[in-house]
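S.K.: sequence first, predicted coordinates after that:
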Amino acid sequence: MQETKELIVNLTGKAAEKVKKLLEKENKPDYGLRVGIVAGGCSSYMYEIGLEKEPKENDVVIEDKGVKVFINPESISFMKGSTVDYLDSLTNAGFKVNNPNVKTSCGCGHSVG
């Protein structure tokens with residue numbers, strides 16, 4: 001595990017508040033948010049976002065707006081400069097990644113390349 005002050009990924013205020021509420025609701029105060037990419041989907045990669053108890057061995061850990069964020073080393077270059085937001089509309093609710101490095105995405109919006 002490696003901690004860094006560099007904001008590879010940042011959270012909007014809305015996303016940070018949602019993570020804190022989820023951790024409180026599920027009684028997991030020490031958990032963090034995993035953000036990264038995994039192979040798959042029609043555009044090569046899919047975002048991985050979820051709550052985890054602790055970072056994995058090689059993860060980079062950042063803290064933004066009071067939330068620990070875990071990122072695996074393979075995701076760092078692709079995710080650098082990204083913002084994680086939380087949308088809550090009639091048609092769509094959930095975390096959304098705004099990533100300046102994306103060259104292609106699919107119609108479903110879950111797969112990027």
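M.R.: On my side now, so go ahead. What you see is a predicted model; the values in this text were computed from it and never measured.

S.K.: pLDDT weak spots in this structure?
M.R.: 1, 3-5, 41-43, 104-113 (pLDDT under 70).

S.K.: would you map the strands across it?
M.R.: 2-3, 9-11, 32-39, 45-52, 60-64, 67-71, 82-88, 93-98, 111-112 (DSSP state E).

S.K.: find the centremost residue of the chain, please.
M.R.: By Cα atoms, centre = their mean, the chain has its centre lying nearest to Val35, at 2.9 Å.

S.K.: ok, now which ones touch that residue?
M.R.: With contact set as Cβ atoms under 8 Å, 6 or more residues apart in numbering, Val35 has these partners: Val9, Tyr47, Glu48, Ile49, Val69, Phe70, Ile71, Ser75, Met79, Ser82, Val84, Val97. Placement of C-beta: from N, CA and C, glycine included.

S.K.: about what we covered before: quick one, which of the strands of the chain gets closest to Leu22.
M.R.: Set against Leu22 and scored by Cβ to Cβ, those come closest in strand 45-52, at 6.5 Å.

S.K.: could you dump the strands of the chain to JSON lines with distance to Val19?
M.R.: Converted to JSON lines, the strands of the chain look like this (distance: least, Cβ to Cβ, whole Å):
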{"stretch": "strand 2-3", "distance to Val19": "18"}
{"stretch": "strand 9-11", "distance to Val19": "7"}
{"stretch": "strand 32-39", "distance to Val19": "5"}
{"stretch": "strand 45-52", "distance to Val19": "8"}
{"stretch": "strand 60-64", "distance to Val19": "10"}
{"stretch": "strand 67-71", "distance to Val19": "5"}
{"stretch": "strand 82-88", "distance to Val19": "8"}
{"stretch": "strand 93-98", "distance to Val19": "9"}
{"stretch": "strand 111-112", "distance to Val19": "21"}
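
S.K.: out of those, nearest to Lys25?
M.R.: Closest to Lys25 of these is strand 45-52 (Cβ to Cβ; 10.6 Å).

S.K.: quick one: contacts of the closest one?
M.R.: Contacts for strand 45-52 (Cβ under 8 Å, 6+ apart): 19, 22-23, 26, 28, 31-40, 70, 75, 78, 84, 95, 97, 110-113.

S.K.: with that, I have no additional questions.
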